[in-house]
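A.B. asks: pasting the sequence and the predicted coordinates here, then a few questions.
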Amino acid sequence: MPAELRRGTRIAHVGFAVQSNDALRPLLRDVLGLTDAPLTDSDGARIAGYVAGDALVELLEPAVPGTPIAKFIDKRGPGIHHICLAVDDLDATLERCRATGIVLVDQTPRVGAEGKRVAFLHPKSTGGILIELSEY
């Protein structure tokens, strides 16, 4: 990508594991004034999105038991599930991750809830934090 088009890494969204998307809607929309961002459900989660400045807040509600979000809530309770960082070049970033020994959850990018290519880094390589990388 030409240098003049590079935007640098930024926070794309923060994902919250929740029991019910509907329970937080009044806080996010009515009290805090965040607007809805239509997102596609993914990985067995119903996803509700809200625009928060240049980033999104994603509420991840388990659609059925046994999904990654359901397991997360069963083990840790509701809370911050992951942070997503948008990068200029996802493939190059994943190569740098591999070269430095970071364990990838997704060996190759896949399509995420916003329709963008994404890949997750394993928390055992990132200080216990689940990090999602996405392209702009």
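C.D. replies: Here it is on my side, so go on.

A.B. asks: now the spatially most central residue of the chain, what's its secondary structure?
C.D. replies: Centroid-nearest residue in the chain, with Cα atoms, centre = their mean: C84, separated by 4.4 Å. Secondary structure state of C84, per DSSP: H, G, I helix; E, B strand; the rest coil, is strand.

A.B. asks: from now on call the first residue 18
C.D. replies: All right, first residue 18 from here; so that's C101.

A.B. asks: show me the contacts for it.
C.D. replies: Neighbouring residues of C101 by Cβ atoms under 8 Å, 6 or more residues apart in numbering: I28, A29, H30, V31, G32, V135, I148, E149, L150, S151. The C-beta positions use only the backbone N, C-alpha and C, and glycine is treated the same way.

A.B. asks: switch to 6 Å and redo it
C.D. replies: A29, H30, E149, S151 (Cβ atoms under 6 Å, 6 or more residues apart in numbering).

A.B. asks: which strand residues bridge the second one?
C.D. replies: According to DSSP bridges, the partner residues bridging H30 are L73, C101.

A.B. asks: so it touches L76, yeah?
C.D. replies: No: look at H30 against L76 with Cβ atoms under 6 Å: they stay out of range, at 10.6 Å.

A.B. asks: endpoint to endpoint, stretch 101-113 covers what distance?
C.D. replies: For stretch 101-113, the first-to-last residue distance is 17 Å (Cα to Cα, to the nearest Å).

A.B. asks: for stretch 85-105, that is, sorry about that
C.D. replies: 27 Å.

A.B. asks: if I look at the residue nearest to the centre of the chain, how far off is D91?
C.D. replies: Here C101 is placed at a distance of 23 Å from D91 (Cβ to Cβ, to the nearest Å).

A.B. asks: now G83
C.D. replies: For G83, the distance to D91 - Cβ to Cβ - is 9 Å.

A.B. asks: and if you look at L150?
C.D. replies: If you go by Cβ to Cβ, the gap between L150 and D91 works out to 26 Å.
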